[in-house]
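Enquirer: Next come a sequence and a model predicted from it.
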Amino acid sequence: MIHLHPHGHTPKRVVVLGANGFVARSAVQLLSNEGFSVLPITRHELDLLKNSAADELAMILKPDDSLLFVAAQAPVRNNQMLIDNLRMASSVCQALDNQSVSHLTYISSDAVYADNPDPLTENSITAPDSLHGIMHMAREHMLQTAAMVPICILRPTLIYGFGDPHNGYGPNRFIRQAIANSDLYLFGRGEEQRDHIWIGDVARYIKYVLIHKSVGVLNLCSGVTITFAEIATTILKNINCTSTIKYVERSGPLPHNGYRPFDPSLCRRLFPDFTAAQPSEGISTCIKEFLAAR
């Protein structure tokens, strides 16, 4: 991973594909608030599955643009979703073949990595075992080989924060349940250890990558593993509610063998003035945002 602009340089314009998504909305808000020129493009404005999508996108792009590609159907649950996501990436590749840009940032996923008992790094083996991971791995290869522009691939671990539409197992779901005075249901004993990253930090890393015109692969993580039981307990301590923790028997093996740590060394070396929030800090901020929106 290198910075083509080591001292930082604000892009002339940032074009965001998939602007209605969880990550993209946060990035657009941060960039706009900090004075960036941003062109958010939603699926309703440009459907990347349309036959004309590549031509339409090429007409929008300019040579000095920075393109942030976040558009996806996720999580990928079946073969058709996989195919559609690859078609979307193909449209972007074709557009860039017709109209190049200054820089491309693709939001991938930690799902591309094989399980490993050691902390995952950017050099860890990529061997996805899910359709979601396969989709991102394929997209990465498509963009790296077909899009002849400087590219940065960001692989965030589990993202949490206000505005997540998926209500996935973890902080967001637990916070919503606690606010509603509903019980929090954990698989097994909630013993699985995972790295989580707050959405605000993901948006800030995106900003830094754009400013420095970073090229290469970077994992976005907090560098701290925490169990789902610890997450649930922390949330109940910080929300005045009648919720309790309940346990559900697992129907299969522990995901990732129950442990998926990440090494944040590269993030800290590349961006020494910024450190992602630790789980307690990020969850506290997340709770405040959820409560303020009631």
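Expert: Thanks, I have the structure now.
Enquirer: May I have the helix ranked longest in the chain exported as CSV, CA atoms only?
Expert: Using DSSP state H, we find that the single longest helix of the chain is helix 79-98. Provided in CSV are the C-alpha atoms of helix 79-98 (Å, rounded to 0.1, in the frame of the first residue of the first chain):
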residue,chain,number,x,y,z
ASN,A,79,-26.2,-17.5,-7.3
GLN,A,80,-28.4,-14.8,-9.0
MET,A,81,-27.2,-12.2,-6.6
LEU,A,82,-23.6,-13.2,-7.3
ILE,A,83,-24.2,-12.9,-11.1
ASP,A,84,-25.9,-9.6,-10.7
ASN,A,85,-23.1,-8.2,-8.6
LEU,A,86,-20.5,-9.3,-11.2
ARG,A,87,-22.6,-7.7,-14.0
MET,A,88,-22.5,-4.4,-12.0
ALA,A,89,-18.7,-4.6,-11.7
SER,A,90,-18.5,-5.3,-15.4
SER,A,91,-20.4,-2.1,-16.1
VAL,A,92,-17.9,-0.1,-14.1
CYS,A,93,-15.0,-1.8,-15.8
GLN,A,94,-16.4,-1.0,-19.2
ALA,A,95,-17.1,2.6,-18.3
LEU,A,96,-13.6,3.0,-17.1
ASP,A,97,-12.3,1.5,-20.3
ASN,A,98,-14.1,4.3,-22.2
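Enquirer: Surely residue 73 touches residue 87?
Expert: No - with contact defined as C-beta atoms under 8 Å, residue 73 does not count as touching residue 87 (10.2 Å). For the C-beta atoms, the positions are set from N, CA and C on the backbone; glycine is no exception.
Enquirer: Using the three-state scheme, assign the spatially most distant residue from the centre of the chain.
Expert: Within the chain, residue 242 marks the point farthest from the mean C-alpha position, 32.2 Å out by C-alpha atoms, centre = their mean. Under DSSP: H, G, I helix; E, B strand; the rest coil, the three-state class of residue 242 is coil.
Enquirer: measure residue 158 to residue 21 for me?
Expert: 16 Å (C-beta to C-beta, to the nearest Å).
Enquirer: Between these two, tell me which one has more neighbours.
Expert: residue 21 (22 against 18; other C-beta atoms under 10 Å).
Enquirer: list the contacts for the more buried one?
Expert: 70-72 (C-beta atoms under 8 Å, 6 or more residues apart in numbering).
Enquirer: can you map out the helices along the stretch 51-200 of the chain?
Expert: 53-60, 79-98, 131-146, 171-179, 199-212 (DSSP state H, counting those that start in this stretch).
Enquirer: out of the ones you listed, which comes closest to residue 9?
Expert: Nearest to residue 9 among the helices of the stretch 51-200 of the chain is helix 199-212 (6.5 Å), distances taken as C-beta to C-beta.
Enquirer: Next, the angle from the very next helix or strand once past that closest one to helix 199-212.
Expert: Per DSSP states H and E, the first helix or strand lying C-terminal to helix 199-212 is strand 214-220. Between strand 214-220 and helix 199-212, the angle comes out at 170 degrees (axes from the mean of the first three to the mean of the last three C-alpha atoms, to 10 degrees).
Enquirer: tell me the mean pLDDT over strand 214-220?
Expert: For strand 214-220, mean pLDDT is 98.
Enquirer: Tell me which strands that strand pairs with, and in which orientation.
Expert: Sheet pairing here is set by DSSP bridges, and for strand 214-220 it gives strand 2-3 (antiparallel), strand 151-156 (parallel).
Enquirer: Would you mind putting those into CSV with distance to residue 64 and mean neighbour count alongside?
Expert: Shown next, in CSV, are the strands paired with strand 214-220 (distance: least, C-beta to C-beta, whole Å; neighbours: other C-beta atoms under 10 Å):
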stretch, distance to residue 64, mean neighbour count
strand 2-3, 18, 16
strand 151-156, 16, 23
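Enquirer: Reformat the ones you listed as JSON lines; add distance to residue 177 and mean pLDDT.
Expert: As requested, the strands paired with strand 214-220 are exported to JSON lines (distance: least, C-beta to C-beta, whole Å; pLDDT from 0 to 100):
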{"stretch": "strand 2-3", "distance to residue 177": "42", "mean pLDDT": "96"}
{"stretch": "strand 151-156", "distance to residue 177": "24", "mean pLDDT": "98"}
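Enquirer: Now distance to residue 79 too, for the ones you listed, in CSV please.
Expert: As requested, these are arranged in CSV below (distance: least, C-beta to C-beta, whole Å):
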stretch, distance to residue 79
strand 2-3, 37
strand 151-156, 23
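Enquirer: of all those strands, which lies closest to residue 56?
Expert: strand 151-156 (21.4 Å).
Enquirer: With only the CA atoms kept, save the closest one in PDB.
Expert: What follows is strand 151-156, C-alpha atoms only, in PDB (Å, rounded to 0.1, in the frame of the first residue of the first chain):
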ATOM      1  CA  ILE A 151      -7.000   1.500  -7.300                       C
ATOM      2  CA  CYS A 152      -7.400   1.100  -3.600                       C
ATOM      3  CA  ILE A 153      -9.300  -1.900  -2.200                       C
ATOM      4  CA  LEU A 154     -10.600  -1.500   1.300                       C
ATOM      5  CA  ARG A 155     -11.600  -4.700   3.200                       C
ATOM      6  CA  PRO A 156     -13.600  -3.700   6.300                       C
END
